[in-house]
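>>> pasting the sequence and the predicted coordinates here, then a few questions.
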Amino acid sequence: MAPVDSGLFDRLERFYDALPRPWARAEDFGSMVLFVRDGEGWPYYARPKRGSHTPSAADLTEVRRRQRELGLPETFEWVHENTPDLLAVARSAGLDVLLAPLLVLDRAALVPDLPLRDATCRPLDPAAPTFAADLGASRAVARLAFASPAYQTPLESAENALLIEDAGPSERDAAEPPGAEVVRQAREMAATGDYLTVVAETPGEGIVATATGQRCGDVAEIVGVASLPSARRRGYASQLTATLAGRLLAGGADLVFLSAGDDDVARLYTKVGFRRVGTACIAEPAAAPL
């Protein structure tokens with residue numbers, strides 16, 4: 001990894017702490033803070049408090065109890081370089097930890113906003129009459145993609161072969177549409193200008209890929225980059241990422257970052273202008289042994 005500006009990780013920590021606060025309430029548990037979303041939508045995370053000491057296993061246990069009480073996923077997120085000792089604590093508390101490559105955009109290396117092959121790119125417009133349907137299609141694409149990752153072990157590939165080969169527009173369209181409250185909140189968030197989703201669509205398939213940017217001040221994160229399994233290997237996800245990064249820069253961000261699921265995915269992002277600077281930790285309860 002290339003040398004990193006000493007202030008970068010502090011900026012990321014401020015971003016992670018500030019981003020949910022307009023849309024969620026913060027509940028403190030020792031050195032941890034749990035963000036609980038007001039209303040429906042993707043749940044937020046629990047993470048270390050800014051400026052606090054390393055959370056204890058007891059802190060994590062108490063947060064997990066509260067997450068179960070609220071019906072929330074027992075998930076935790078943090079940047080390893082900011083809280084390095086938490087990795088061992090989380091594992092000792094029975095959590096599996098994904099070590100996700102953390103990458104930032106090198107503005108000078110950002111690839112041009114190129115046309116997509118056999119597809120067009122457009123942002124979701126919160127004022128458009130099609131916003132609810134577009135939002136539903138985008139969310140369904142992401143769910144199908146993340147349920148069947150492109151890079152897997154041979155065993156995982158065998159188990160998910162049907163999902164990888166077959167999940168396409170019909171499976172996307174069969175997904176339950178988002179509720180009125182989810183649409184209302186998504187429209188409200190998009191209207192602020194701090195949240196932007198771009199999609200790729202083809203004439204015959206509709207929306208086949210999606211990516212979302214979320215900005216707080218001059219820092220922005222790209223999340224939810226996904227393609228329908230049937231539309232993979234067409235370059236949609238990487239070009240959407242580059243297009244979205246350019247839009248975020250034009251909208252006032254001067255630091256754009258993302259987390260990749262593994263090293264193979266990270267290499268795709270380096271091809272459009274990102275470079276690895278650290279590790280994002282994502283923890284959840286360890287799976288019970290078979």
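Arrived safely.

>>> tell me which residue lies nearest the centroid of the protein.
The centroid of the chain falls nearest to residue 223 when counting by C-alpha atoms, centre = their mean (3.2 Å).

>>> bridged to the nearest residue to residue 123 once chain neighbours are set aside, which residues?
Spatially, and ignoring its direct neighbours in sequence, residue 123 is nearest to residue 198 (5.1 Å; C-beta to C-beta, 6 or more residues apart in numbering). Yep, even glycine has a C-beta here, placed from its N, CA and C like the rest. Beta-bridge partners of residue 198, counted by DSSP bridges, are residue 123, residue 211.

>>> touching, residue 198 and residue 122? I think so.
Yes: between residue 198 and residue 122 there is a contact under C-beta atoms under 8 Å: 6.9 Å.

>>> comparing the two, which residue is more hemmed in?
A direct count of neighbours by other C-beta atoms under 10 Å for residue 198 and residue 122 places residue 198 higher, at 22 against 14.

>>> next, the buried residues of stretch 114-123.
Neighbour-count burial for stretch 114-123, counted by 16 or more other C-beta atoms under 10 Å, picks out 116, 119, 121, 123.

>>> quick one: distance of that stretch to the chain centre.
Distance of stretch 114-123 from its chain centroid, counting by C-alpha atoms, centre = their mean, to the nearest Å, is 21 Å.

>>> same question for stretch 244-259.
In terms of C-alpha atoms, centre = their mean, the centre of stretch 244-259 is set 14 Å apart from its chain centre.

>>> what's the burial count for residue 127?
Applying other C-beta under 10 Å, we find 8 residues neighbouring residue 127.

>>> spit out the contact partners of it.
Residue 127 is in contact with residue 191, counting by C-beta atoms under 8 Å, 6 or more residues apart in numbering.

>>> assumed it was part of a helix.
No: Residue 127: not assigned to a helix; according to DSSP: H, G, I helix; E, B strand; the rest coil it is coil.

>>> distance of it from residue 21?
Remark: distance between residue 127 and residue 21 (C-beta to C-beta, to the nearest Å) = 26 Å.
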